[in-house]
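*Asks:* For reference, the sequence and a predicted model appear below.
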Amino acid sequence: MAGTTSRLEADFFKRDVLEVAPDLLGKLLVRRLDDGRMVFARITEVEAYRGTEDLACHASRGLTPRTEVMFGPGGYLYVYLIYGMYWMLNFVTGEKDIPQAVLIRGTDAVNGPGRLTRYFDIGGDFYGECLWNSQRLWLEDLRQQVRIETGPRIGVEYAGEYWASRPWRFLASPDA
DNA sequence: TCAGTGATTAGG
DNA sequence: CTAATCACTGAG
């Protein structure tokens, strides 16, 4: 029914990252702050990182303390610090032992992965958080149709031309 | 165009 | 232990 929403559950995330990533566009990211205030935004831009063979994916260098959560089942948060300043928000997807994640790059409220975590007050303490039963961060399906564009991922030239050119960046088109 | 910033990782 | 690297941002 129009106007209804529902929280995204485990099954949504336990699919291949190339299915989950575009499906995240238009979904509502919901954050309940410690003081009870709520922060919302619709997801408008994401990137897929897919398995040990993907040289742009942190898991391509094996299981380490940082990448451990990616080797578990989908539905959990992979959060890490970059350039000593910015927390990156990722959702783990797929099956256990097949490391995949979606980087949340932009929303209709704030763009840029580092600015987004600041806006939502998300830091390293969210590493490993479960998205389907968290009381402080979750996703809701607004059941809105979204037009999708694709392009190469940002800032992964180091992975070589093949992986840097995969069209695994997904954006919600402005007109739809 | 480029510095800031510090965790993470591989390598002695 | 050291040192390079980094899925970024904002100032100029």
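*Replies:* Structure's in. What do you need? Please read all numbers here as calculations on a predicted model, not as lab measurements.
*Asks:* Which residues does A:Asn111 form beta bridges with?
*Replies:* On the basis of DSSP bridges, A:Asn111 is bridged to A:Gly106.
*Asks:* how close does it get to DNA strand B?
*Replies:* To DNA strand B, A:Asn111 is 16 Å away according to Cβ to the nearest atom of the strand, to the nearest Å. For the C-beta atoms, the positions are set from N, CA and C on the backbone; glycine is no exception.
*Asks:* can you pull out the strands in chain A?
*Replies:* Applying DSSP state E to chain A gives strands spanning A:6-7, A:28-32, A:38-50, A:77-82, A:86-92, A:100-107, A:137-141, A:148-151, A:169-172.
*Asks:* just the ones you listed: most buried one?
*Replies:* strand A:100-107 (a mean of 24; mean count of other Cβ atoms under 10 Å).
*Asks:* Residues of chain A that sit close to DNA strand C?
*Replies:* Residues of chain A found near DNA strand C (Cβ under 7 Å from any atom of the strand) are A:47, A:49, A:56-59, A:78, A:82-86, A:88, A:90, A:101, A:103, A:112-116, A:153-156, A:158.
*Asks:* okay, and for chain A, where does confidence drop off?
*Replies:* A:1-3, A:176 (pLDDT under 70).
*Asks:* now do 50
*Replies:* Residues of chain A that meet the criterion pLDDT under 50 lie in A:176.
*Asks:* Enumerate the residues of it near DNA strand B.
*Replies:* A:58, A:61-62, A:64-67, A:80-85, A:124.
*Asks:* Touching, A:Leu24 and A:Val46? I think so.
*Replies:* Yes - if you go by Cβ atoms under 8 Å, A:Leu24 and A:Val46 touch, sitting 5.3 Å apart.
*Asks:* what do those two both touch?
*Replies:* A:Val102, A:Ile104, A:Phe170 (Cβ atoms under 8 Å, 6 or more residues apart in numbering).
*Asks:* Look up how far A:Leu24 lies from the last one.
*Replies:* Applying Cβ to Cβ, to the nearest Å, the value for A:Phe170 to A:Leu24 is 8 Å.
*Asks:* Next, show the common contact partners of these two.
*Replies:* A:Val46.
*Asks:* Flag every buried residue along stretch A:112-126.
*Replies:* A:Pro113, A:Gly114, A:Leu116, A:Thr117, A:Tyr119, A:Phe120, A:Ile122, A:Phe126 (16 or more other Cβ atoms under 10 Å).
*Asks:* for stretch A:152-169, same thing?
*Replies:* Quick answer for stretch A:152-169 (16+ other Cβ under 10 Å): A:Arg153, A:Val156, A:Ala159, A:Trp163, A:Ala164, A:Arg166, A:Trp168, A:Arg169.
*Asks:* residues contacting A:Leu33?
*Replies:* A:Val39, A:Asp121, A:Arg136 are the contacts of A:Leu33 under Cβ under 8 Å, 6+ apart.
*Asks:* Since that was my last question, I'll sign off now.
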